[in-house]
Structures are given as C-alpha cells and as structure tokens.
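Visitor: Provided below are the primary sequence and the corresponding predicted coordinates.
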Amino acid sequence: MSEAVERKTDDWDPNIRTPEMEMAELGAGVPAAADLALEEINPANPHLFREDRWRDHFARLRAEDPVHFNELESSGRYWSVVKYEDVRQVDGDWQTYSSAKGITLGLRSTPENDARFQRVTSFISMDPPKHDEQRHTVRAVSAPRNLPNLEPQIRERTVKVLESLPEGETFDWVDTVSIELTTLLLATLFDFPLQDRRKLTRWSDIVFAVPGPGAIVETQQQKIDEMMECVAYFEGLWEERRKKPGFDLVSMLANGEATKDMPTVAHLGNLLLLIVGGNDTTRNTMSGSVYGLNTFPEQYDKLVADPSLVAKLVPEIIRWQTPLSYMRRTATRDCELRGKKIREGDQVLMWYLSANRDEDVFDDGDVIDLARPNADRHLSFGYGIHFCMGSRLAELQLRVLWEEVLQRFERIEVQEEPERTFSSFVHGYTKLPVRVRRR
C-alpha cells in the first residue's frame, strides 16, 4: 500500500457510530405500521428490509404523512419523501436539494463531520458543473451506442453460466448466477483481471454494510481496511492505464480531463459508485426476477407461454424490485414540501421503493403485472441529472438473462424464502435457494 493510501487511513475514525449502526442496535421485530404512532415510524430501519416488512410502513406514510420527519442522535434531522410526484420534484431540483453532502443517510451535520466526509466523494455526490464533468468522463462505456458491442459477450457468458447449472439439486441463485454474471461484466467494463473479479463483489458488499457481530464486516475498522485494499489494488491499475490506456472505466478516469490529476485515493468514491452501480443493482434485480415470478406464478405462466413478454418483464421487475431503496439529498435553503417546513441542512430521503408503489400512479403496485401499461415510468433509475447512466446496460443484462432462461428451463423454482440484505439503502438478496427444471 502506498504512503498516500496509508496516510488516508489515518483520516478515518473507526469508532464512528453511523446511523445504520444506531438503527441496527434497535433490534429486530419492529411492530407493524398499524401498531405504531405515526411519529414512531422510521422507514430507514434496516431490520424492516431484512425481514421484508417495509410495505405497510410506506403505505401508511403515503396515506397519512407523505413527507415524514425523523431524527436520530447520530444523523440528526431527516425527511422521508414517499410519493411519486414529490420524489420527482426533489430529484429534479438539484439547486434546492443538493447531492454534495452524500447520497445515503449521514452523520449529524457538524463542521468536523462535514470536513471528514467530503474527503471521499463521487460524481453522484456532486452538483453541476463538477458532476457533469466527471460523469461525462465515463459515460461512453454504458452509452446506448456501445451496447451492441457488449451484447454478444453478455449473451455468451449468460449461456455458459446457465448451461452449467445443476438439475434436480438446490443451489444459490444469488451467488451462482446473479453475482457471477454481473461481476463478469463489471470486470470487463473495468478491464479488471478476471481471476480477481470476486474482489469487486466483496468491495461492493461492504460499501453499505452495517458493521457488527456476524455481519459482512465485524467492525468499522475492518470496513476501512478493506476499502483501502480496494484503493491499493486500483492504484496499480491506475498507473498501468496511464501508460497504456484502453476503452475501460479505469482508463477513462485515469486519463479524463476532469479526473486525470486526482490522486488514486480521491477516486475511491467514483470507483465504489461504479462498482455498486454495476454490481449490486443488477444482481439484485436478477435475483428479484426469480423470486418475484415465483411469488406471482400466474405471471410466470404467462411469460413461459409467451416469451415475447420479456420486454414487459424487464421494466416491471425493475419497478417491483427497486434495487436501491432511496437516495438522499440535503436542503440548501429553508423550503417547503407538502406544507412541511424543511430547514437548510436537513437530509431528504427520496424513497424510490415507495414511489414505485404509489397508488396514484401504479395500480396494485405490490404485485407483478406483465400487462402493466406504465411500468417504464418507474423511478428505480432516479430522475433528473443523476438518472442512472447504466440504465440501458442493466435492462440489457436482464433481458438477455430471461431470453436465455426461457429457452432452457421449464421453471426456476424457489425452494425457501431468501435471505435479504441488512440495509435500508440496497434492497437485495444475500441468498436465494432454487432448483431448475430443464426443457
């Protein structure tokens, strides 16, 4: 590890008590929304997501308090915005609701904390013009014009993985299929050594992991140490691509006008953004598609009977799963939303997961419906200047997966309830036991 990276680790306090850690300590088994006073509802509690019990909490907020206030000792004041049009309004107004202080629920704002956490950032945590300059540096890889170049390789790898699946034997779909396919593509986009590709999976998993006994990382110090391993690894790739650039994300960041003079450690935020954006989100939608179609078998029957419905499946599953539950903004001034007075510096959580089930926009939003006429209006990719630049690539991966699945398998059968990610930010699965029946 370079001296610069070693110095960087000294900047971070392993004893920081994050909002996620504070809420994790509240314990499992949160009461149903109907049994709570309105002010007691805290939709950011990660236990709700690991237990898959978040729906009634958001439904009650949409009906009774669509701009909902909470306050934690660690994070301070924050608002949950849960209706579709309100989420669009916040996401589309970067002048009032800024990304510059982070995209997840953060620490209570103090001069000390602001200085500490501005050291590691990414272009998704920036406002124009800096955001636009850095995003422009890497957007060519996932631009629609490049997708025809990627599709043959995506399909070839998908076929190889699906052909290798055991029949009549239970296996974990998350690890065997979803993680493998997304990590292979991510390694291609980074031109990352394929033999080390599961390092990308590990780094992606720990970005938003809540430290604790038996968790993905035991302590905050372990999380910091592993993040620094990520920086050190990419530092080597950085130097290599500066000398011999290619058409990959590392080369683009190492040589782009807006990013080439940044030290490697300063790129950590952009690296983690691209790793999580290319890994966590698509892999959880892939897993969600299998779980969701098993949850609504009549829709699975329709898909098997008419494979052309894959075109309808893709946006509907992305809506239904919503792999990133929310994004945070920070108010730049005192403002008002639905009559609620939001103070300058307040955190505002845009709950895409709830907006995608808003009864005013999506009928029966909790169900999968392949005939849904407006599934493509979902907000899973965000809205406005931060709309996901990899959205078309994610749709391509999911489409190719199900085109190839339907050619090979009569059914992918879920064997037991999945294990879910302990996070209110990443809405995903850690394990999904399935069996396949080949045609």
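Guide: Arrived safely, thanks for sending. Numbers count the residues shown, from 1 in each chain.

Visitor: Measure how far the lengthiest helix in the chain is from the centre of its chain, please.
Guide: Determined from DSSP state H, the single longest helix within the chain is helix 220-243. Centre-to-centre, helix 220-243 and its host chain are 21 Å apart (Cα atoms, centre = their mean, to the nearest Å).

Visitor: Going forward, the N-terminal residue is numbered 59.
Guide: From this message on, residue numbering opens at 59, which makes the last subject helix 278-301.

Visitor: Buried residues in that helix, which are they?
Guide: By neighbour count with 16 or more other Cβ atoms under 10 Å, helix 278-301 contains the buried residues 278, 280-282, 284-286, 288-289, 291-293, 295-296, 299. (C-beta placed from N, C-alpha, C; glycine too.)

Visitor: cool, stretch 123-143 as well?
Guide: 123-126, 128, 130, 132-142.

Visitor: mind listing the helices for the stretch 209-358 of the chain?
Guide: 231, 238-248, 255-265, 278-301, 307-313, 326-336, 338-353, 355-363 (DSSP state H, counting those that start in this stretch).

Visitor: which one of these has the most crowded surroundings?
Guide: helix 231 (a mean of 26; mean count of other Cβ atoms under 10 Å).

Visitor: how far does it sit from the chain's center?
Guide: Counting by Cα atoms, centre = their mean, helix 231 comes out at 19 Å from the chain centroid.

Visitor: quick one: which of the buried residues of helix 278-301 is nearest Ser383?
Guide: Lys281 (20.4 Å; Cβ to Cβ).

Visitor: CA atoms only: put stretch 259-268 into CSV for me.
Guide: Only the C-alpha atoms of stretch 259-268 are listed here, as CSV (Å, rounded to 0.1, in the frame of the first residue of the first chain):
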residue,chain,number,x,y,z
THR,A,259,-18.2,-8.4,-5.3
ARG,A,260,-16.6,-8.1,-1.9
TRP,A,261,-15.9,-4.4,-2.1
SER,A,262,-19.4,-3.8,-3.4
ASP,A,263,-20.9,-5.8,-0.5
ILE,A,264,-19.0,-3.9,2.2
VAL,A,265,-19.7,-0.3,0.9
PHE,A,266,-23.0,-0.1,2.7
ALA,A,267,-22.6,-3.0,5.2
VAL,A,268,-23.5,-2.3,8.8
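
Visitor: which residues of the stretch 259-408 of the chain score low on pLDDT?
Guide: Low-confidence segments of the stretch 259-408 of the chain, defined by pLDDT under 70: 316-318, 321-328, 336.

Visitor: Try it again at 90.
Guide: 259-340 (pLDDT under 90).

Visitor: Relative to Ser412, which of the helices of the stretch 209-358 of the chain is closest?
Guide: helix 338-353 (16.4 Å).

Visitor: Can you say which of the helices of the stretch 209-358 of the chain is nearest to Trp112?
Guide: Here helix 338-353 is closest among the helices of the stretch 209-358 of the chain (Cβ to Cβ), at 14.2 Å.

Visitor: Would you mind getting the angle between that closest one and helix 238-248?
Guide: Helix 338-353 runs at 160 degrees relative to helix 238-248, counting by axes from the mean of the first three to the mean of the last three Cα atoms, to 10 degrees.

Visitor: Return the distance of helix 338-353 from the chain's centre.
Guide: Using Cα atoms, centre = their mean, the offset of helix 338-353 from its chain centre is 13 Å.
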